[in-house]
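Q: got a predicted structure here, sequence first:
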Amino acid sequence: MLRQATQGHAMDVNDFLGGNAVLLALAAFILLSLFLGVRIVPQSEKHVVERFGRLRAVLGPGINFIVPFLDRVAHRVSVLERQLPNASQDAITADNVLVRVETSVFYRITEPEKTVYRIRDVDGAIATTVAGIVRSEIGKLELDQVQSNRADLIVKVREQVATMVEDWGIEVTRAEILDVSLDDATRAAMLQQLNAERARRAQVTEAEGKKRAVELNADAQLYAAEQEAKARRVLADAEAYATGVIAAAIKESGIEAAQYQVALKQVEALTAVGQGAGKQMIIVPAQALDAFGDAFRMLKGRV
């Protein structure tokens, strides 16, 4: 009886342990399924999910659910903006000048399903595309245009790069031309040309200054001549007015007014002779003394 009881107790323990093992296995399976079926995606990433090797879905930021054991996260893609290493490439302008162009490109992945399945080396592909577009655009411009229209050149490069990489699920945020450098021989030739241009401008400025000085001098002479002519006209008008007054006086007073004016002029002339510098002897003719007498008589008669 004891042996039978012992065997029965052992069977119960085995059954209990076997049942618990099944429950534990089931619980572990459930936990593993939850672990594999729940995916938390960071804000800066997107996850590409495959099922049996084919694209199943693209998981965005937050909590996502997939079918465990069937689906798997094949690619974790960062959507942060990236910068390619600065690249330099040679280009030839329309006037056959060799220049070295340094570029910088910023981009970010917007559609990771295109990026992971359509292109292998994203950075290398973008760098090659930028180099080809830069060479093509610079080949359409002369060196002076490259230097002066760099902003327009950057816009054209950015637009063409954005169009070329659109099929890869990439957005080009910035494409910059950092520097356009020349070889030593070309730089020396340009410096010589620049110095010659500066000398030419200096000569032109000097010539324009001399021309302006001549013009101002001519204007000053013309102005002086005009003022002198105006003064002469004023003097002539004054003399004409005086002559008119004398003529009117002669018309009213007759010959006496004329004699008075003649005598007055003679007196003024003798006075001017007497005002000479130094001591001198003045011989006055008798007619002059008569002129004094006539003038005093006429003046007395008028008073």
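A: Nice, I can see it.

Q: I'd like the average pLDDT over the longest helix belonging to the chain.
A: As assigned by DSSP state H, the longest helix anywhere in the chain is helix 184-253. Average pLDDT, helix 184-253: 78.

Q: kindly report the same for stretch 121-141.
A: In the prediction, stretch 121-141 has an average pLDDT of 90.

Q: go through it and flag the buried ones.
A: 122, 125-127, 129-131, 133-134, 137-138, 141 (16 or more other CB atoms under 10 Å). C-beta coordinates here come from the backbone N, C-alpha and C atoms, glycine included.

Q: among those residues, which are located in helices?
A: 122, 125-127, 129-131, 133-134, 137-138.

Q: JSON lines for those, including distance to Arg200?
A: Below are these laid out as JSON lines (distance: CB to CB, whole Å):
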{"residue": "Val122", "distance to Arg200": "52"}
{"residue": "Ala125", "distance to Arg200": "49"}
{"residue": "Ile126", "distance to Arg200": "45"}
{"residue": "Ala127", "distance to Arg200": "43"}
{"residue": "Thr129", "distance to Arg200": "43"}
{"residue": "Val130", "distance to Arg200": "39"}
{"residue": "Ala131", "distance to Arg200": "38"}
{"residue": "Ile133", "distance to Arg200": "38"}
{"residue": "Val134", "distance to Arg200": "34"}
{"residue": "Glu137", "distance to Arg200": "32"}
{"residue": "Ile138", "distance to Arg200": "29"}
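
Q: now for Gly37, how many residues are close by?
A: With neighbours defined by other CB atoms under 10 Å, the count for Gly37 comes to 15.

Q: do the same with Ala175
A: Neighbours of Ala175 (other CB under 10 Å): 24.

Q: in contact with it, which residues?
A: 103-106, 130, 154, 157-158, 161 (CB atoms under 8 Å, 6 or more residues apart in numbering).

Q: turn the buried ones among those into a named PyMOL selection, would you?
A: Remark: buried members of the contacts of Ala175, expressed as a PyMOL selection using 16+ other CB under 10 Å:
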select buried, resi 103+104+105+130+154+157+158+161
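
Q: so which of the contacts of Ala175 belong to strands?
A: The strands, defined by DSSP state E, take in 103-106 from those.

Q: identify the farthest-apart pair in those.
A: Farthest-apart pair in the ones in strands among the contacts of Ala175 is Thr103 and Phe106; separation 11.1 Å (CB to CB).

Q: one step back: what's the closest of the ones in strands among the contacts of Ala175 to Val41?
A: Out of the ones in strands among the contacts of Ala175, the member with the shortest distance to Val41 (by CB to CB) is Phe106, at 23.5 Å.

Q: give me the pLDDT value at the closest one.
A: At Phe106, pLDDT is 93.

Q: tell me how many other residues crowd the closest residue to it other than its chain neighbours.
A: Spatially, and ignoring its direct neighbours in sequence, Phe106 is nearest to Arg174 (4.1 Å; CB to CB, 6 or more residues apart in numbering). When neighbours are counted by other CB under 10 Å, Arg174 registers 12.

Q: then Arg72?
A: Other residues close to Arg72 by other CB under 10 Å number 16.

Q: about what we covered before: among the ones in strands among the contacts of Ala175, which one sits closest to Glu208?
A: Among these, Thr103 lies closest to Glu208 (CB to CB), at 43.5 Å.

Q: quick check: bridge partners of the closest one?
A: With DSSP bridges as the criterion, Thr103 is bridged to Ala87, Ile177.

Q: correct me, but it touches Pro85?
A: No: counting by CB atoms under 8 Å, Thr103 does not reach Pro85; the two are 10.3 Å apart.

Q: how far out from the middle of the chain is the longest helix of the chain?
A: Between the centre of helix 184-253 and the centre of its chain there are 40 Å (CA atoms, centre = their mean, to the nearest Å).

Q: over to stretch 115-130?
A: The answer for stretch 115-130 is 34 Å, by CA atoms, centre = their mean.
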